[in-house]
Structure formats: C-alpha cells, structure tokens
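Trainee: give the three-dimensional model of this entry:
(one chain, ligands or ions: 1)
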Amino acid sequence: MDMQTIKARAGDHNLENYEEKYKNFNWDEVKSNFTWSETDKVNIAYETIDKHAADPAKKDQAALIYSSPDREETLSFDQLKRKSNQFANVLKKYEIEKGDRVFLFMHRSPEFYAAFFGILKVGAIAGPLFEAFMEQAVRDRLEDSEARMLITTPDLLERVPLNELPNLEKIVLVGGSDSDHHINFEKEMQKASEDFEIEWVDLEDGMLLHYTSGSTGKPKGVYHVHNAMIQHYQTGKWVLDLKDDDVYWCTADPGWVTGTSYGIFAPWLNGVTNVVRGGRFSPDDWYGTLDDKNVNVWYSAPTAFRKMLSAGEEAVKKHDLSSLRHILSVGEPLNPEVITWGLKAFDLRIHDTWWMTETGAMLICNYPSEDIRPGSMGRPLPGIKASIVDNEGNELPANQMGNLAIKEGWPSMMRAVWDNPGKFESYFINGWYVSGDSAYRDEDGYFWFQGRLDDVINTSGERVGPFEVESKLIEHEAVAEAGVIGKPDPERGEIIKAFVTLRDGYSESDELLEDIRQFVKKGLSAHAAPREIEIKDTIPKTRSGKIMRRLLKSWELGLPTGDTSTLEE
Ligand code: 6R9
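Mentor: Have a look, this model is predicted:
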C-alpha cells in the first residue's frame, strides 16, 4: 500500500530516536524525579504544586491562567499552594480523612483547583463531575462512591437529591450566601491557615474516581492511585513535548479523564503555565484564547477541531497564532481531513493520541519527532506493550483486525472498579487488558482504530452508555421500551438515536418526542439526550431479552442484518 506520511520537522523534541534510546526503558527510572518523604512516601499534589512553590525560580511563575467571559485570574504556584493548603485545612476541620471520597460538582474556576488539590493534600479521593450532569447522573455517582462531601455551587445544588444520599454528610457551597445551611467556602477559606502539613501517602493509595460508561449497567467508578504520576509526568515530556517556559492549554473539562490527567497533572508535574478556559465553546473564543494567551502547546479533541474547521479560514486569519508549536488530539478517531486542515490553518501537524479513562494516561501516540500516517493513532510509548489479540488473548499478526489490548502493568492503570471487582476482572484476558476497541497494527507498528466492539456511543468525544439512556427513556410515562444506538454524524462523530415503543394510550406527535428528549436531558445530561427519536411497534430483542442494538443500527444504516438467530419471535 502506498502510505501517505507527514514527515516530522527537525527540532529539539523531547522524544527523539525513541526506539533506540528507550529500548530498555523501565518506568521505575522516572521515580527518581519525585520527592520522597522521610517515611518514603509521596503525594501527587506536592509534585504538581508545592514542589514548584518551593523553588525560588518557579514560585511566582503563573501556574493557572483562568479565563472566562466574565472573569480573568492568574494564580502563581505559590498562590495555588496557599489556597489549596487553606482548603485542606477546611477539610480537616470538617473531619475529612484519608481515603474519603469528596466530589466536585462545579464550573471550572480557580476555586475548583484549590479544592481539588486540597482534597489530594489530605489524602482523600477526588471525584470530579461534569457540570452538565442532572439529578439521576449525580445521584448514581454519589451513591455508588458513598461520597461523604460534595463541593458545589448554589445553581448546581438543585440537582443534588440530598435526601436520598445517606452517606453525603457535608456540602460545601462556593458562592453561597449567609442563609444557606451549608459550609460556606469563602468564609471558611478566609479563616483557614495557609500552612498545611501534607498527608504523605503510598504510591498505591487512591486519589481519583472517574465514572465512565460501559454497555451495560450504571456508570462505573474507575479508581486511580498516586502512582499514575509516573506516567502523567513522563507523557507530558515525551508526548505533550512540554518545555519549562511553555504555556499549555488542554480544553477538556475535569469531569473527563483528559481534564485531570492532562488538564491538571501532566502540565503541573512538568511545571508549565496552564490555561483554563471557562464558559461555552465557540470557535472564535477558542482562536482568541490561543492568540491572547500565546499558547505553545494545545491538547483538544476532534469534535472541537471539526467545529473550528467549519468556522472557515477567516476565523483563523483574524488571529496571530505564531506562538503555537504543538497540537494534539484525543477522544475519537482523528479524521485525516482534520489533519489536512491543521496543516493549512496552523502550519502544524495534529498529533493523535489514544488512551482511555481506565488506562489513566496516554498509551499509543504520535510524537513530534516521528512521521505521522494520517488515520493512525501512532505507536505505543516506550515501556508499553500494545498488540492486537483474539478473544482468547492470543496475539494476531500485522494487518489483522482484532481487540486492541495492552500488556498489564503500566503505571497509570486503574487499580479497581469501585465496589465492583467482577467488572475489573472482566477487562483482562491472558495477561492483556482488553480495551473494547477494535484495531489493527501495520508492519511498522502503527495502530489503526476501527471502532468500538461494544455498544458504547462516542458523541462529541463523550462516552455514553446506551443502557443508561434506555433506562431513563423508559421512566418517561409514554415510553414502554427503548433501544439506543450511536448513528454516524460528520461533526459529532456519532449522535444518539433512540428507538422507542409507546405505552397504550399514547400516540406519536412532535410535542411528545420533544418531551421525551427533554426528559432525558433533565434527568441525565444534555449530551445523553437523543437527537433523534423514532417510534417503533417493537424493539428487537434476543431470546434472553437483550436489546439487539446491532440490529437497530443495521436497519438505521441500511446494512445487512447479519445473524439474527437469537432474535425473539
Ligand atoms: C481519553 C478518553 C475512551 C474511548 C476509547 C476509544 C475512544 C479515545 C481515541 C479514540 C480513536 C483515538 N478514543 N481516543 N478513538 N482514536 N485517538 O478518550 O477516554 O472517555 O474513557 O474514552 O474513546 O473508543 O476506547 P474515554
């Protein structure tokens, strides 16, 4: 096959000649970069913030540049250290202990970051939630994790079913008023000391819970430990190619693993200036952020790139983007068309990276020092063994499609699925972590994504489990049964399409369809609401009662229906 490649440009890249240089690389080598306490313990919050605050050359450097339509604020490493210390003291005052789950349900803001690091400094486990979540989504996560404390804002508190969460003892309100019966963030911060003795922990102690969707059941709590910092730090160097004076911008929300691993840990472990943009997405604002903040390294997602592409060339030309040196993408397949646009719009390549909530950090990537094959996710990092395996966990030869799998044991791997050991075990076959993605590997070791093997939907880069949406749909008074699929969409990757049957006494109307849509939106979140709803007489099911989403999809796309032998009469 005549393979199109885009050559690497000469430059001083952190990861050069990697195959030769890192042939015998071992992740343990990275550990010497960290500060070990007298008792041989660590804390990722120390490595990200306090360490730089203790360095006279770095302490006054901007750590966080926060920018939203109504607020601009910059915090140095020293300021961020003091604020997170204050919050850690607030947590201590309210008896939050090591290992407790403390959730954050709030908009991106400087307060979010102070609270986040405060949680890690006391050795508790942080659970960041998307601000778009509605009542059911919030309840499921707080219930499953048995969270003791929630930090939120008055507008979002309305979506927290306080009476139904017996473990949730304490609410901290950011921007609350005197009449609230909750802990007032601002008042407590004012009273709290800026000094705090960090809780030193073991590398294997917990720090983060990210809930993510599978094809069945409720969302699962993916549990990460401090040890992940080894990979966050090193991929920040190798893949983000961060240099000491860089201004870096990751567009992801901290409710998504990209927003923590690469919106918080990787940049600050490497001591760079981190831009956070609040507010809604608009191509013009985003080009403006790249320009105004002189962003050097930018990590975003195909769905955003496609929207920026659609905004046309004029939108790009209005801005001076000469600071930009390196662009990366994650979350969905990166269309070759977007890479072509990147070359035109920025005169830069966009580097695809592949990983998952469960993997905690990047695993298969394109590097600045390597040629890119548009459409490929790149090659495994040094220290990572990736392969294509069959369903028994046997490796397949090049160019054969199968399960994309990673040999167990990389530093940032999840350590558990919260309260669900069976689910955790089910990811592994024969020593391989099986991702649920299908792919193949070419002769030169580049990996090519083909699709999801389960029914998980990827809409605008967000993972949505069909089961969760179906469960919500059938709570609607008019809906009897529901089957939900991802339907290919040029801008969003996939959109959610729902097939429903109606209960007796209801008939199809535009108002009813809109009402059902709004019901899901209000119950779960806007991104989980089906953009299309189609009424059916029956929903196809297997004899064991499982919804045959594959069949719904084939019907929708006009494809052959394949094996329907298990279809219920
Ligand atoms: C970090 C993140 C994971 C799933 C993954 C895959 C899809 C992610 C991709 C990609 C094609 C890429 N995915 N990166 N597909 N090319 N570069 O996205 O985590 O939200 O858990 O999603 O996303 O299907 O299995 P998460």
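Trainee: CA atoms for contacts and neighbours, from now on please.
Mentor: Fine.
Trainee: and Ala405, what helix or strand is that in?
Mentor: The secondary structure element spanning Ala405 is strand 402-407 (assigned by DSSP states H and E).
Trainee: what residues does this structure have near the ligand?
Mentor: For the chain, the contact set with the ligand under CA under 6 Å from any ligand atom comprises 258, 330-333, 352-357, 377, 437, 449, 452, 462-463.
Trainee: and Ala10, how many neighbours?
Mentor: 9 (other CA atoms under 10 Å).
Trainee: end to end on stretch 150-159, go ahead and measure it.
Mentor: Distances were taken as CA to CA, to the nearest Å; on that basis the terminal residues of stretch 150-159 are 12 Å apart.
Trainee: list the buried residues for the biggest helix by length in the chain?
Mentor: With DSSP state H applied, the helix covering the greatest number of residues in the chain is identified as helix 77-93. Applying a neighbour-count criterion of 16 or more other CA atoms under 10 Å, one finds 77-91 buried in helix 77-93.
Trainee: what distance do you get for the residue located most distally from the centre of the chain to the ligand?
Mentor: Relative to the average C-alpha location in the chain, and by CA atoms, centre = their mean, no residue lies farther out than Gly505, which sits at 42.3 Å. According to CA to the nearest ligand atom, to the nearest Å, Gly505 stands 40 Å off from the ligand.
Trainee: could you do Glu532 as well?
Mentor: Glu532 sits 22 Å away from the ligand, taking CA to the nearest ligand atom as the criterion.
Trainee: give me the nearest residue to that residue, chain neighbours excluded.
Mentor: The spatially closest residue to Glu532, leaving aside those adjacent along the chain, is Lys497, at 4.8 Å (CA to CA, 6 or more residues apart in numbering).
Trainee: so which elements touch the helix or strand encompassing that neighbour?
Mentor: Assigned by DSSP H and E, Lys497 belongs to strand 493-502. Under the contact criterion of 3 or more CA pairs under 8 Å, 6 or more residues apart in numbering; DSSP states H and E, strand 493-502 touches strand 457-459, strand 479-489, strand 532-535.
Trainee: cutoff 10 Å now
Mentor: Contacts of strand 493-502 with other secondary structure elements, assessed using 3 or more CA pairs under 10 Å, 6 or more residues apart in numbering; DSSP states H and E, are made with helix 302-310, strand 457-459, strand 462-464, helix 466-473, strand 479-489, strand 532-535, helix 549-557.
Trainee: tell me the angle that strand makes with helix 466-473.
Mentor: 40 degrees (axes from the mean of the first three to the mean of the last three CA atoms, to 10 degrees).
Trainee: could you identify the helix or strand that succeeds strand 493-502?
Mentor: helix 510-523.
Trainee: what's that next one in contact with?
Mentor: Contact partners of helix 510-523, identified using CA atoms under 10 Å, 6 or more residues apart in numbering, comprise 132-138, 159, 468-479, 498, 506, 509, 524-535.
Trainee: can you say which of the residues you listed are buried?
Mentor: So, of these, 132-138, 159, 468-474, 476, 478-479, 498, 524-530, 533, 535 end up buried under the neighbour-count rule (16+ other CA under 10 Å).
Trainee: ok so, going back, and the strand holding Ala405, what does it pack against?
Mentor: With contacts defined as 3+ CA pairs under 10 Å, 6+ apart, the secondary structure elements packing on strand 402-407 are strand 386-389, strand 428-429, strand 432-441, strand 447-452.
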